[in-house]
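> Predicted structure and sequence below. I'll ask about it afterward.
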Amino acid sequence: DTAVSQTPKYLVTQMGNDKSIKCEQNLGHDTMYWYKQDSKKFLKIMFSYNNKELIINETVPNRFSPKSPDKAHLNLHINSLELGDSAVYFCASSQSSGNTIYFGEGSWLTVV
Amino acid sequence: DAKTTQPPSMDCAEGRAANLPCNHSTISGNEYVYWYRQIHSQGPQYIIHGLKNNETNEMASLIITEDRKSSTLILPHATLRDTAVYYCIVSFPSGGSYIPTFGRGTSLIVHP
């Protein structure tokens, strides 16, 4: 069984659209993250969600909004997609902040 | 910002030991050193972590200097499948808002 799973794996969409990426972890962790990896391969934290407390990276545009229906899920919703949003988005989880992080396989988003 | 610095790239011959250095001169007393790697087109994968003592597992060994300002990840017998980007991060296990931050890592190429 996949520990951290993301869907879709690939997503091609037009500018201005709204899209969501779903993430689920079956590890029983209480902390989940979203990271963005752009074409330069820099892995940048976007959000951390720990026991209903959302920690937002201030550099992330408010077009990005994480939604966590429960501790096992952290979905990423993106409004008004822009070309610069094209990247690989990784979901991850850990037991409490700062412990070993388990990553999903990534969601490749291409905005055209 | 990442609290670690790593060489951008290294190479190693197959079957030889790969020694990947990491500087973390501002590490706090309660921060662990974690190593992850990212094989092309996959999610980052946990390798090993340590606080003060050297650590070894089935994947690698971690050597931390006595002053804890630097560490070395050792892959004892590198294979072609070890070609990846290796990330060294410092992390403080907590239930709070600690956000693990990745730097640019070291791109290791293992050649035949």
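Right, received. Where do you want to start? Numbers count the residues shown, from 1 in each chain, chains lettered A, B, ... in the order given.
> Ignoring the adjacent residues along the chain, who's closest to the closest residue to chain A within chain B?
Per Cβ to the nearest Cβ, residue B:43 is where chain B lies closest to chain A, at 3.6 Å. Every residue, glycine included, has its C-beta placed from N, CA and C. Counting by Cβ to Cβ, 6 or more residues apart in numbering or on different chains, residue B:43 lies nearest to residue A:103, which is 3.6 Å off, once chain neighbours are set aside.
> ok, that neighbour to residue A:89 distance?
Per Cβ to Cβ, to the nearest Å, residue A:103 is found 11 Å from residue A:89.
> Residues in contact with both of those two, list them for me.
Counting by Cβ atoms under 8 Å, 6 or more residues apart in numbering or on different chains, the common neighbours of residue A:103 and residue A:89 are residue A:35.
> about what we covered before: the residue of chain B closest to chain A contacts residue A:108, doesn't it?
No. Residue B:43 lies out of contact with residue A:108 (Cβ atoms under 8 Å); the separation is 11.8 Å.
> out of the two, which sits in the busier spot?
It is residue B:43, of residue B:43 and residue A:108, that has more neighbours when counted by other Cβ atoms under 10 Å in any protein chain shown, with 21 against 16.
> So that one belongs to a strand, correct?
No. Under DSSP: H, G, I helix; E, B strand; the rest coil, residue B:43 sits outside any strand and is assigned coil.
> which residues touch it?
Contacts of residue B:43 by Cβ under 8 Å, 6+ apart are A:4, A:90, A:92, A:103-106.
> Closest to chain B out of those residues?
Taking Cβ to the nearest Cβ as the measure, chain B lies nearest residue A:103 of the contacts of residue B:43, at 3.6 Å.
> was I right about the closest one contacting residue A:92?
Yes. The pair residue A:103 / residue A:92 is scored as a contact, 4.5 Å apart, by Cβ under 8 Å.
> low-scoring stretches of chain A, by residue?
Applying pLDDT under 70 to chain A flags residues A:1.
> Within range of chain B, give me the residues from it.
Within chain A, the positions near chain B by Cβ under 8 Å from any Cβ of the partner chain are A:4, A:30, A:33, A:35, A:41-45, A:48, A:50-51, A:53, A:55, A:57, A:90, A:92, A:94, A:96-106.
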